[in-house]
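Asks: Whatever this is, show me its structure:
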Amino acid sequence: MKRISRVFWKTMLVMIICCGFMSSHTYADEQTDLKPIPAWSILWSNSAEGIDNVVIPSPTNKWITVRNGDMPPEKPKDISSAWVRFQLPTHVPKDYGIYIEQIYAQQLWVYIGDRLVREINFDFPTDEQRSLFPVGSEDGGEFVYLKLGTSMDRLGLHSEIKLDHYSALTRSFIFRDLQNIILGCAFLFIAAIMLICSFFLKQIQLASWISLSLLILALGTIFITYSPFMYANFTSYGDLFLDLFDFSLAVFLPTLTYFFEKIFDNGNFKWIRAFRKFQIIYSAISIAFMFINQLNDYRFVKAYFFASVTVLGSIMIIQFILIIGLSIVFVKRGNKEAVIFSTGFAILALMSVLDLMCYYASSQKYQFFLWKWGVVGFIIALIVILGRRFAINQEHMINYSKELEFYNHQLQLSDKMEMISSLAASVAHEVRNPLQVTRGFLQLVAARTDDKNKEYMGIAIEELDRASLIITDFLTFAKPQLDELVDLNVSKEISQIEGIIVPLATLHGGRITVSVPNDLFIQGNSSKLKQVLINIIKNSIEAFQVDGQIHIWAYEKDGEVYIHFKDNGEGIEPAQLTKLGEPYYSTKTKGTGLGLMVTFRIIEIMKGHIEFKSQKYVGTEVVLRFPSIAVK
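Replies: Numbering: from 1, shown residues only. As a prediction, this is how the structure comes out:
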């Protein structure tokens, strides 16, 4: 699942980047053959003038000539209408067209001569248009007239008038906003998938996931509804596109602050939460104002423009500065996610601030475009953070599961230990005495019976001895306290048990090598330590195969004494290693598991640790660690 998720995100990123750049490159390629009209003229007028008033030359008509590349004239105050005219070449090839990329007007009428060929009317407060219409050989030498009308502050042409093959112009007309639409649709698709996936997330992950989904959803909507292509081709839905754009922007800003707050702040900066609440309130007021303005046929368009563009733009700049400043603080604290976020957000903030500065510097006539690439960089950074968060959460879940399994195992082991300890303390002494009496009478009876019965008596006595040994282990486990703690020389303790273990190893066809320095000291009980050493070495001897060997060595490291026991026996399966030391668990056919259980308990009392390393049919290594002491 994790691998599929990674592939999905990578595919989405590649699709977003490739589609955006391919569309921009395609648009650039389509422009190479476009031929501009060298000059055009503009006439400021009143809205009552018709085509007949401008086609017939009049001394009152003061046409202003604008050559290709010159700045268009500013719209005079109290003017709401204008005429634009230009002349077509004498010879116009068949299947040609005129394309004007940027026209500021709410109403547009296109005439060739006195013939109306195109009419577009925006009954919503948007004044950016583009126009494409065909011309033919019969139109050669004709004047083209554009009547422009608006109730807003901008009016006129702000781009070249291009003449070329109609098919080439159509591709330019379409590809002009293709990157916006492709990126917007890609963001909407990602947001939809994320919202569907949110039904399968846990509560702890839901807040950041939903906020990121809303961020991407809002940005996708902004990309699509920002494109003039949508208003030019779906004019009847223009007011809906405007509402969606303003609504998405109002949602985007507080959601961005909330996402930042959930990822990094965790309630440390209360004024971030206060700023986010202020944004929510202001966004709610802006949305309410938007509906009021629309229900009143856009009577308050200037006031709404000031609230939703001028004031909101200032809030955006403040928000960007605050988040960038806090990101730098978190970066200095070593937060890796803050580094990723800061990089992506710095790209978005830089591009957006440059766009806003150019917009206000150009008297609000600048066309925003840098922010789109900033958004792409920012979304990539957010997706990387999200993927990293999920990877970290998954790692935490795995570690938590391992810890839970470990503590559950320890709890079960503790319950078993407590049960055995209680059983041993209450029963061991009572059972041991009858066993000893029974053993004594069996010895007496065995001395007076025949040989066949002596054999049976001997078996019975051996089993009684075995039962007595088990009870001894029970008593050791039930009373693990060390009565006397002394300084123990590890080398001396091992040498004292060599007389027992070496003959036993030889009897099983193996040998023991010991390499222990004389300056290793620990604190504990001599008899208990010997019991531990004998139990471990005896287990290794019983695991001998052909040519059995046991190597014992010790050293001091980081304030601890390490004692290693390594054999080349039959080894232990990995699943069995985790169960060693549990009551009644043994890898031997006749084993009870109590000996190793007692060994674990004694090592624990002596503040030591035991570790097993084994490989089937290769051998087993046991490592003991005890706190080292300095002996003067």
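Asks: so D153 sits right up against P76, yeah?
Replies: No: in this structure D153 lies outside contact range of P76 using CB atoms under 8 Å: 11.4 Å. (Glycine included, C-beta is placed from N, CA and C.)
Asks: Show me which of those two is the more surrounded one.
Replies: D153 (15 against 9; other CB atoms under 10 Å).
Asks: That one in helix, strand or coil?
Replies: coil (DSSP: H, G, I helix; E, B strand; the rest coil).
Asks: any idea how far it is from I272?
Replies: 36 Å (CB to CB, to the nearest Å).
Asks: Then G325?
Replies: Counting by CB to CB, the gap from G325 to I272 is 11 Å.
Asks: With neighbour numbers in mind, choose between the two.
Replies: I272 (19 against 9).
Asks: How confident was the prediction at the more buried one?
Replies: Listed pLDDT for I272 reads 82.
Asks: again with the one 10 residues further on
Replies: Confidence at Y282, expressed as pLDDT, is 91.
Asks: And L253, by the same measure?
Replies: L253 carries a pLDDT value of 88.
Asks: quick one, phi/psi of it?
Replies: For L253, the backbone dihedrals (degrees, to the nearest 10) come out as phi -60, psi -50.
Asks: Backbone torsions only: list them for the closest residue in space to L43 that isn't next to it in sequence.
Replies: Spatial nearest neighbour of L43, chain neighbours left out: W83 (4.3 Å); criterion: CB to CB, 6 or more residues apart in numbering. Torsion angles at W83 (phi, psi; degrees, to the nearest 10) stand at phi -120, psi 140.
Asks: For W83, give the beta-bridge partners.
Replies: L43, K147 (DSSP bridges).
Asks: Please look at it and V144 and confirm they touch.
Replies: No: using CB under 8 Å, W83 is not in contact with V144; the gap is 10.9 Å.
Asks: ok, the residue nearest to L43 - contacts?
Replies: Contact analysis of W83 by CB atoms under 8 Å, 6 or more residues apart in numbering lists 42-43, 45, 49, 54, 145-148.
Asks: State the distance from it to G69.
Replies: For W83 relative to G69 (CB to CB), the value is 21 Å.
Asks: Please list all residues in contact with the nearest residue to V631 once chain neighbours are set aside.
Replies: Residue nearest to V631 in three dimensions, not counting chain neighbours: F521, with 4.7 Å by CB to CB, 6+ apart. F521 sits next to 487-490, 561, 628-631 when contact means CB under 8 Å, 6+ apart.
Asks: List buried residues within those.
Replies: 488-490, 561, 628 (16 or more other CB atoms under 10 Å).
Asks: Among those residues, which ones are in strands?
Replies: Taking DSSP state E as the definition of strands, the buried ones among the contacts of F521 contribute 488-489, 561.
Asks: how about these in CSV, adding distance to E261?
Replies: Shown next, in CSV, are these (distance: CB to CB, whole Å):
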residue, distance to E261
L488, 59
N489, 62
V561, 52
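Asks: quick check, nearest of those to Q179?
Replies: V561 (69.9 Å; CB to CB).
Asks: Let me know whether the closest one touches V490 as I believe.
Replies: Yes: V561 is in contact with V490 according to CB under 8 Å; the separation is 6.2 Å.
Asks: Could you tell me which residues touch both of these two?
Replies: Common neighbours of V561 and V490 (criterion: CB under 8 Å, 6+ apart): 520-522, 554.
Asks: can you put those residues in JSON lines and add pLDDT?
Replies: Converted to JSON lines, the shared contacts of V561 and V490 look like this (pLDDT from 0 to 100):
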{"residue": "L520", "pLDDT": "91"}
{"residue": "F521", "pLDDT": "92"}
{"residue": "I522", "pLDDT": "92"}
{"residue": "A554", "pLDDT": "94"}
